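> mind looking at a prediction? Sequence and model below.
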Amino acid sequence: VGTMARMLAATGLAGASASEILRALNPRGKLKALHLSLPLDQQQAVAIRANVERLAVDPFKDSPGARNVSGYAEFVGDRGFFEIDCPQGLAMYYPQAYDDYMAYGATKGRVNIRWSAAERAIGIAGGPIVIDGDEGQAQAYISLHLPVDHSGEPEMFLLAGLRNSHSRYAPRYIPNKLNP
């Protein structure tokens, strides 16, 4: 994944803003069954699709970091999606609320990603994301608005519900740092 990100940035295929984002995310992992469509004219967009194994990304503009994320990704031009399929679980890092990564059980769901040139921002919307772990079954919905420059404040909305759990897991979900 990192090699592909560096290639897209170095060739200019990703564009200046996308290259900046890719550098900040520092993606790592493995791509399988990679399909890359490079149009010979400017009328069509670059298209990429691949199975992704053990993806890791660093936090970016208050968005979460992640590791051990697997699934299927497809992008055409300024939009795409990621189908999360992690039967072995994954880990997320919310730097604005927790000191370290939080491990989750088996996870499935879809995350849509869109670049807005007019707003110079990435929009991410996902859900339901279904998680089945030791602490119970959860469903989550996430929405992120991430300006790449200082034109606005990043926003993150996360809605999550947990059932069939026990109170002993509550301390895990109480943030240890917040910026009120």
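Nice, thanks for sending it over.
> for the rest of this, base every contact and every neighbour count on C-alpha atoms.
OK.
> where does the chain dip in pLDDT?
Scanning the chain for pLDDT under 70 picks out 12-17, 43, 178-180.
> show me where it has helices.
Using DSSP state H, the helices of the chain run over residues 2-11, 15-25.
> can you tell me which of those is nearest to Ser165?
Of all these, it is helix 15-25 that lies closest to Ser165, at 33.1 Å by Cα to Cα.
> the closest one: which residues count as buried?
Of all the residues in helix 15-25, those buried under the rule 16 or more other Cα atoms under 10 Å are 17-19, 21-23, 25.
> need the contact partners of that helix.
If you take Cα atoms under 8 Å, 6 or more residues apart in numbering as the criterion, helix 15-25 is touched by 5-6, 8-9, 12, 57-60, 120, 148.
> I'd like to know which of the residues you listed are buried.
If you count burial by 16+ other Cα under 10 Å, the buried members of those come out as 5-6, 8-9, 57-60, 120, 148.
> show me what Leu55 bridges to in the sheet.
Applying DSSP bridges to Leu55 gives these bridge partners: Val69.
> ugh, wrong one, I meant Ser143
For Ser143, the beta-bridge partners are Ala125, Phe157 (DSSP bridges).
> swap in Val130?
Lys108, Gln139.
> give me the number of residues near it?
Val130 has 21 neighbours, counted by other Cα atoms under 10 Å.
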